[in-house]
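K.L.:
Give me the fold of what follows.
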Amino acid sequence: MNIIWLGHGSFRIETEGQVFLIDPWLTGNPSLPEAQHDDAVEGATHILLTHTHFDHVVDVLPLAKHLGIPVVGQYDLMGYWAEAENIETVGFNKGGTVNLNGIKVTMVPASHSSTFSTPEGLRTGGSEVGFIIAAEGRTVYVSGDTDIMADMDWMGDYYQPDIGILSAGGHFTMDMRGAAYAAKRFFKFKTVIPCHYKTFPILEQTAQDLIDGLPGVDVIEPEVMQAIRL
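P.N.:
Reported below is the predicted structural model:
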């Protein structure tokens, strides 16, 4: 399994012959040079979307149409896009699991918001979620944008993920100290990968508080477009 950070909250996960793009943000992403955009999405088989804030959704529809691949996400939004945008979608909801060519993806709660701008003002695009991805004998928790929440208790106990991809930049999500607290209290991760940080000055610029707060856990500060092999 290769986990590749595309900057901010975007990832490319290569596993079992599939390539998942999670919240792929290319256009205007200050962490991902334009020269690397094609490599970031090459061979993608699915797009997984956690919510509709611009820094997660702006490239989803263009990529789905250009690459001819399905968008996987919250049922209400996927149903609308399938009709209005004429794209292939896989819509499900929190607690549900879909089989994507042998890889099981479960939708789980997050605590955030999910809106997008229109000429008439803000509109809600489904609800914010995270994902549990089971592949190659590993279980990955993708938190999506979220704060610490009580649901993490049963999620950690029930799914027992060994890899955590945690939004931890603060201001819009939990910060590094909060992510360390959540990981220690609710999960038994072997590996933690922080994200949603460094992108803007308002966000945390280092994962040191997360590293210090999780002794015995392999906290990997990702580098853009450099594969983490697990």
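K.L.:
Which residues are in contact with His33?
P.N.:
Just to correct that, residue 33 is Pro rather than His. Contact analysis of Pro33 by C-beta atoms under 8 Å, 6 or more residues apart in numbering lists nothing. Any C-beta I mention is one placed from the backbone N, CA and C, and that applies to glycine too.
K.L.:
confidence score at it?
P.N.:
On the pLDDT scale, Pro33 is placed at 96.
K.L.:
again, but for Gly125
P.N.:
82.
K.L.:
Please, which helix or strand holds Met174?
P.N.:
Using DSSP states H and E, Met174 sits in no helix or strand.
K.L.:
Name the nearest residue to Pro30, sequence neighbours excluded.
P.N.:
Once flanking residues are discounted, Pro30 sits nearest to Thr199: 6.2 Å by C-beta to C-beta, 6 or more residues apart in numbering.
K.L.:
Trp5 is in contact with the one you found, correct?
P.N.:
No - contact criterion C-beta atoms under 8 Å: Thr199 and Trp5 do not qualify, at 11.3 Å.
K.L.:
Please identify which of the two sits among more neighbours.
P.N.:
Trp5 (25 against 19; other C-beta atoms under 10 Å).
K.L.:
hang on, isn't the more buried one packed against Ala227?
P.N.:
No - with contact defined as C-beta under 8 Å, Trp5 does not count as touching Ala227 (9.3 Å).
K.L.:
Enumerate every residue touching Ile163.
P.N.:
By C-beta under 8 Å, 6+ apart, the neighbours of Ile163 are 3, 138-141, 189-193, 230.
K.L.:
Next, count neighbours for Asp147.
P.N.:
Asp147: 17 neighbours (other C-beta under 10 Å).
K.L.:
now it, what's its secondary structure?
P.N.:
Secondary structure, DSSP: H, G, I helix; E, B strand; the rest coil: Asp147 is coil.
K.L.:
Report pLDDT for it.
P.N.:
98.
K.L.:
How about Thr115?
P.N.:
For Thr115, pLDDT reads 86.
K.L.:
just Thr118 next, same as before
P.N.:
At Thr118, pLDDT is 80.
K.L.:
Look up how far Gly125 lies from it.
P.N.:
Taking C-beta to C-beta, to the nearest Å as the measure, Thr118 falls 10 Å from Gly125.
K.L.:
between those two, who's got more neighbours?
P.N.:
Taking neighbours as other C-beta under 10 Å, Thr118 and Gly125 compare with Gly125 leading, 21 against 8.
K.L.:
Who are the contact partners of the more buried one?
P.N.:
51-52, 57, 77, 114-116.
K.L.:
export the residues you listed to TSV and tack on distance to Val41 and secondary structure?
P.N.:
Formatted as TSV, these follow (distance: C-beta to C-beta, whole Å; DSSP: H, G, I helix; E, B strand; the rest coil):
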residue	distance to Val41	secondary structure
His51	20	coil
Thr52	19	coil
Val57	15	helix
Leu77	21	helix
Ser114	23	coil
Thr115	25	strand
Phe116	21	strand
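K.L.:
Make a ChimeraX selection of whichever of those turn out to be buried.
P.N.:
Filtering the contacts of Gly125 down to the buried ones (16 or more other C-beta atoms under 10 Å) takes a single ChimeraX command:
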select :51,52,57,77,114,116
